[in-house]
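# sharing a model prediction with you, sequence too.
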Amino acid sequence: MPLPAHVPVLIAGGGPVGLTLAALLAEYGIASLTVEADDDYCSGSRAICISRRSQEILSWAGADKPLTATGLAWTGGRSYFRDREVLHFEMPHDPLQRYAPMVNIQQYSIEEYAHQAMQRHPDLAALQWSARVAGLRADADGVTVEIDAEGRRQTVRADWLIACDGGRSTVREAMGLKLEGMQYEGRYVIVDIEQASSRPVERLAWFDPPSNPGSTLLMHRQPGNVWRVDYQIRDDEDPEEAVKPENVLPRVQSHLDMIGETAPWKPLWISVYNAKCLTLAQYRHGRVLFAGDAGHLVPIFGVRGLNSGLDDAGNLAWKLAWVLQGQAPDSLLDSYSVERVHATRQNLAYGAKSTEFMAPPDFGFRLMREAALRLALVDEQVRPLINPRQSAPISYDTSPLNLQDGAPQAGWAAAPGQPAPDARLQEGATPRYLSENFGRGFVVLALAPSAAQARELEALAAATQTAPQPLRIVRIGADGWDDAHGQLRQRHGGTDGAITLIRPDGYVLGRWSAPDIAQLRAALAPYYPSIAQPTIQKGQA
């Protein structure tokens, strides 16, 4: 079947980021074509830990239910120096939260669930396997892309091209762009094995274990009785030799013997990895935008790689939809680059620290790590130094979209540029979550509004009903949702009459202790042209 001659959005790369972006765009009513060089989902576990934020983003596309049904949730982990425990950490969580802090699941499952979400909109989201970008020409109005598919070269004209084609991005290479940063020399062998186990699901790490002296070894349980094992190889080992089964399997067996996992097992997948801290300087280049590994490569330690790519998709989808639907100028996409480059630099800073501990780049780092581990055996105060610092949502403190804070006394957690804290609420007898409202239009969160304020808000929302994604009003209090557990007031710090304006991607745009309607109209006008001017009622002219 020939490819279409024109598409609003062409996505290069059908991995988890590209497929999630296509599914999100379809939810916003935007048509896209995704081209993927491979003929199926990826092989091997690859990215395995899905954060709470990523689960929320996948929920906007309807891909969260199979993830939470299949994935293995976890809240903490343990680290060992040789054969003695030196750290037991717990990530913040409570039983009322919508999602677990982390879920272990193989990357190919995320690809499958995102693809299934795309298929809910077959008229909007198309995927072409075994198709790769062969060249492109960008101009002020779009991008002409040469694609090798169906055994021949075809040309597709796109209004926007999104590069989600991974660390070896063809789009990036065709545009002559280079990633900047550093690459570490330390290499890890990655192994998936199938073995039944009754161990709790938690992140396990060993430093210099007796089973593999001098190495660092990580283990995560995966669905389907799969263990993911990562272990560091010596600097003088040949990576091609290191991944041969005859060299891998004895090292895995030695460790399984040490920890008492005696069930029969078999290898499923073997690969090799080394940490990279690399990024493009900007993710927008005219009508071409970059997301995921095509724009940045983040170390696996702290699980920021795929999670940051999904955050790229969540940030970009609503902005691209607003531009394509005429709700905002294309300058809105500049903020995608500003915010996500900022996020990458934060992730790289944390990832570099984790890498320097997990795979020390030189003798000095190795010496400091061993000193910290030895001290951690006898001094609990040292143990936080070896905490792996898992991925967390990034704050966009300097985003050009942020509005001046109109309620600084409410605290930092829900300030402009912060991800809006979720809260367990009640709608009658039905449990609800604030985050259920994200991934669509803008959200006005109104805390115990007065009757007059409630009428003004409803009138404001009514003025957006013809927009592709209308404004949503979430009222807390009388005639609205009930903050039954007190989480919303605690986390948002608001008083009666307070208003928080939340972007479609769940980030706070602005907040006020007691705004007037003119302030809200001014804040929303760049995104909802229909409310730029107040509606003149009959008899007022």
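That came through, no problem.
# ranges for the helices of the stretch 351-500 of the chain?
With DSSP state H, counting those that start in this stretch as the criterion, the stretch 351-500 of the chain has helices at 363-376, 451-462, 487-492.
# any chance of the ones you listed in a markdown table, with mean pLDDT and distance to Glu173 too?
Backbone N, C-alpha and C define where each C-beta goes, glycine included. Conversion of these to a markdown table gives the following (pLDDT from 0 to 100; distance: least, CB to CB, whole Å):
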| stretch | mean pLDDT | distance to Glu173 |
| --- | --- | --- |
| helix 363-376 | 89 | 33 |
| helix 451-462 | 95 | 46 |
| helix 487-492 | 94 | 44 |
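# of those helices, which stretch is the most buried?
Highest mean neighbour count among the helices of the stretch 351-500 of the chain (mean count of other CB atoms under 10 Å): helix 487-492, with a mean of 19.
# give the other helices and strands that it contacts.
Counting contacts by 3 or more CB pairs under 8 Å, 6 or more residues apart in numbering; DSSP states H and E, helix 487-492 packs against strand 424-427, strand 443-447.
# residues of stretch 271-290 that come out buried?
274-280, 282-290 (16 or more other CB atoms under 10 Å).
# pLDDT of it, averaged?
Here stretch 271-290 scores 96 as its mean pLDDT.
# how distant is that stretch from the center of its chain?
Here stretch 271-290 is found 15 Å from its chain centre; the criterion is CA atoms, centre = their mean, to the nearest Å.
# ends of it, what's the gap?
End-to-end distance of stretch 271-290 (CA to CA, to the nearest Å): 26 Å.
# go on, stretch 283-303?
Taking CA to CA as the measure, stretch 283-303 stretches 21 Å from start to finish.
# coming back round to it: now the helices and strands packed on helix 487-492 as a markdown table including mean neighbour count?
Shown next, in a markdown table, are these (neighbours: other CB atoms under 10 Å):
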| stretch | mean neighbour count |
| --- | --- |
| strand 424-427 | 16 |
| strand 443-447 | 23 |
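# now the ones you listed as a markdown table including mean pLDDT?
What follows is these, written out as a markdown table (pLDDT from 0 to 100):
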| stretch | mean pLDDT |
| --- | --- |
| strand 424-427 | 94 |
| strand 443-447 | 97 |
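# relative to Leu367, which of those strands is closest?
Leu367 lies closest to strand 424-427 among the helices and strands packed on helix 487-492, at 47.1 Å (CB to CB).
# and the closest one, what does it pack onto?
Strand 424-427 packs on strand 430-433, helix 487-492, going by 3+ CB pairs under 8 Å, 6+ apart.
# for those, give me a markdown table that also has distance to Gln195.
A markdown table is the format used below for these (distance: least, CB to CB, whole Å):
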| stretch | distance to Gln195 |
| --- | --- |
| strand 430-433 | 36 |
| helix 487-492 | 40 |
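# which one of these lies nearest to Thr464?
Thr464 lies closest, by CB to CB, to one member of the helices and strands packed on strand 424-427: strand 430-433, at 21.9 Å.
# buried set for that closest one?
By 16+ other CB under 10 Å, the buried positions in strand 430-433 come out as 432-433.
# tell me the secondary structure at Val189.
When classified by DSSP: H, G, I helix; E, B strand; the rest coil, Val189 comes out as strand.
# give me the beta-bridge partners of it?
Taking DSSP bridges as the rule, Val189 bridges to Tyr231, Val272.
# got it, and Gln426?
Pro431, Asp482.
# now do the contacts for it.
432, 481-482, 484 (CB atoms under 8 Å, 6 or more residues apart in numbering).
# with Ser271 instead?
Counted by CB under 8 Å, 6+ apart, Ser271 has contacts 44, 189-190, 243.
# which one of those residues has the most neighbours?
In terms of neighbour count, Val189 stands highest of those at 23 neighbours, by other CB atoms under 10 Å.
# now the strands: where do they sit in the stretch 251-400 of the chain?
With strands called from DSSP state E, counting those that start in this stretch, the stretch 251-400 of the chain shows them at 266-279, 284-285, 288-290, 296-297.
# out of the ones you listed, nearest to Leu179?
When those are compared for distance to Leu179 using CB to CB, the nearest one is strand 266-279, at 3.8 Å.
# next one: phi and psi at the residue lying closest to Glu456 once chain neighbours are set aside?
Leaving aside its sequence neighbours, Glu456 sits nearest to Ile517 (CB to CB, 6 or more residues apart in numbering; 4.6 Å). Main-chain dihedrals, Ile517, degrees, to the nearest 10: phi -60, psi -30.
# appreciated, that's everything.
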